[in-house]
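Enquirer: 3D model of this:
(2 chains)
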Amino acid sequence: MPKIHRKRVGFKLDMTPMVDVGFLLLTFFMLTTQFKPSEDIQITLPTSHSAFKIPPADVITLTVGKDGQILLGLDSQILREALFGPAARLKAGVFVQTSELTNLLIQARTRNPKLKTVIKADKDAEYGVIEDVMTILQKVNITRFNLVTDLEKN
Amino acid sequence: MAEVDVSQSRGKSKHSKKKKRRVGVRIDMTPMVDIAFLLLTFFMLTTTMNKPQAMEINLPPGDQKVDVPASNLMTLRITEDGSIFWNIGEEKPAKATPVELKNLLKEKNRANPKLITLIKVDRKGKYIMMVDIMDELNLADITRFSLAPFLPADKALIEKI
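Expert: This next block holds a predicted model:
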């Protein structure tokens, strides 16, 4: 009888390992999380089976919206400031016209020749705009670039 | 007050005080752990692990021209409404569904390994059509393809059917 009584009175669970694991996961998620930069246009990516990874740094992102707007994005703040002035420092991208694009691309690439080009277009964008962009890329000698797609499941 | 205490009985009280402090330092960790788990759930729920994938395209430099015999050239024309027309050489373009196209590509490339595919998408067509076609080509292991502008002549050719 006294035995049972004792057990009921003091029930203690050592939480230390759980808390340790909790903190471990917390640090992991905190360090791996990259907050999505707020996008000026909503993009629905097309899907494909291609599993090619996008380069993590030194990229020029050409975002083409549903209505054909073109947004030129650079991942380096310094480069952005040099090209578009101090106001663009904190913006992810700047709307550009196709006519300006040639010059901007050349400028960006002379400042950082390692830049890789990525086209991120909405799946419902008109092909004509993409064709124009690709023609410009070909003209400025960017013959290798990537098209961003979502991975198709199946 | 405490100082007075200490001065009155130096040795003993000092010792006993120190000892007591050292023995029992207990901080209640519960609030910290609570916050930590709160943050953990937040980060776990907001993290999306999938990174977008990409397709690689290599364009030939602008001034390069390659002559291809017409019999080795398969042309895929994608019209404004998304229908696909294909032909080899000077044949008449025929319509194909995306599923038919998949088999067609494999079959024709097996029959003629030198076949080069030319993709022409109408400027008013959708971007996803191009991506889909390129995806099909990639899946069929066809690496020799190129993109060409969809000219009015192409439109006329298809309208004739």
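
Enquirer: The longest helix along chain B close to chain A?
Expert: Ranked by number of residues, the top helix in chain B under DSSP state H is helix B:30-46. Yes. Helix B:30-46 comes into contact with chain A when judged by CB under 8 Å from any CB of the partner chain, the residues involved being B:Val33, B:Ala36, B:Phe37, B:Leu39, B:Leu40, B:Phe43, B:Met44, B:Thr46. All C-beta spots, glycine's among them, are computed from the backbone N, C-alpha and C.

Enquirer: Filter these down to the buried ones and hand me the PyMOL line.
Expert: In PyMOL, selecting the buried portion of the residues of helix B:30-46 next to chain A, with burial taken from 16 or more other CB atoms under 10 Å in any protein chain shown, looks like this:
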select buried, chain B and resi 36+37+39+40+43
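
Enquirer: And the residues of helix B:30-46 next to chain A, which is closest to chain A?
Expert: Sorting the residues of helix B:30-46 next to chain A by distance to chain A puts B:Phe43 at the head of the list, at 3.5 Å, by CB to the nearest CB.

Enquirer: mind listing the helices for chain B?
Expert: If you assign secondary structure with DSSP H, the helices in chain B sit at B:2-8, B:10-23, B:30-46, B:98-111, B:127-139, B:152-159.

Enquirer: Tell me which of these sits most buried.
Expert: Each of the helices of chain B was given a mean neighbour count from mean count of other CB atoms under 10 Å in any protein chain shown, and the largest, a mean of 21, is that of helix B:127-139.

Enquirer: Can it be said to contact chain A?
Expert: Yes. Against chain A, helix B:127-139 shows contacts by CB under 8 Å from any CB at B:Tyr127, B:Ile128, B:Met129, B:Met130, B:Val131, B:Asp132, B:Met134, B:Asp135, B:Asn138, B:Leu139.

Enquirer: State the phi and psi torsions of the closest residue to the last one other than its chain neighbours.
Expert: Spelled out, it's B:Leu139. The shortest distance from B:Leu139 to any non-neighbouring residue, by CB to CB, 6 or more residues apart in numbering or on different chains, is to A:His49 (5.8 Å). Dihedral angles of A:His49 (phi, psi; degrees, to the nearest 10) stand at phi -90, psi 0.

Enquirer: what's the neighbour count on A:His49?
Expert: Taking other CB atoms under 10 Å in any protein chain shown as the criterion, the count of residues near A:His49 is 15.

Enquirer: Could you do B:Thr48 as well?
Expert: Residue crowding around B:Thr48 was assessed by other CB under 10 Å; the count is 9.

Enquirer: Show me where chain A has its helices.
Expert: Under DSSP H, chain A gives helices at A:2-9, A:16-32, A:77-84, A:98-111, A:127-139.

Enquirer: how about a markdown table for those, with distance to chain B, mean neighbour count and mean pLDDT added?
Expert: Rendered in a markdown table, the data for the helices of chain A read as follows (distance: least, CB to the nearest CB, whole Å; neighbours: other CB atoms under 10 Å in any protein chain shown; pLDDT from 0 to 100):
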| stretch | distance to chain B | mean neighbour count | mean pLDDT |
| --- | --- | --- | --- |
| helix A:2-9 | 20 | 8 | 58 |
| helix A:16-32 | 3 | 13 | 90 |
| helix A:77-84 | 21 | 16 | 81 |
| helix A:98-111 | 13 | 15 | 87 |
| helix A:127-139 | 3 | 19 | 88 |
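
Enquirer: Let's have these in JSON lines, adding distance to B:Lys106.
Expert: Below are the helices of chain A laid out as JSON lines (distance: least, CB to CB, whole Å):
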{"stretch": "helix A:2-9", "distance to B:Lys106": "72"}
{"stretch": "helix A:16-32", "distance to B:Lys106": "41"}
{"stretch": "helix A:77-84", "distance to B:Lys106": "44"}
{"stretch": "helix A:98-111", "distance to B:Lys106": "37"}
{"stretch": "helix A:127-139", "distance to B:Lys106": "25"}
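
Enquirer: Go through these and name the closest to B:Arg77.
Expert: Using CB to CB as the measure, helix A:127-139 is the one of the helices of chain A that comes nearest B:Arg77, at 12.2 Å.

Enquirer: Can you show me the CA trace of that closest one as PDB?
Expert: Presented in PDB, the C-alpha positions along helix A:127-139 are these (Å, rounded to 0.1, in the frame of the first residue of the first chain):
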ATOM      1  CA  TYR A 127       5.100  33.400 -76.000                       C
ATOM      2  CA  GLY A 128       5.900  36.500 -78.000                       C
ATOM      3  CA  VAL A 129       7.300  38.300 -75.000                       C
ATOM      4  CA  ILE A 130       9.500  35.300 -74.100                       C
ATOM      5  CA  GLU A 131      10.600  35.100 -77.700                       C
ATOM      6  CA  ASP A 132      11.600  38.800 -77.600                       C
ATOM      7  CA  VAL A 133      13.500  38.300 -74.400                       C
ATOM      8  CA  MET A 134      15.300  35.200 -75.800                       C
ATOM      9  CA  THR A 135      16.200  37.100 -78.900                       C
ATOM     10  CA  ILE A 136      17.700  39.900 -76.800                       C
ATOM     11  CA  LEU A 137      19.600  37.300 -74.700                       C
ATOM     12  CA  GLN A 138      21.000  35.800 -77.900                       C
ATOM     13  CA  LYS A 139      22.000  39.300 -79.100                       C
END
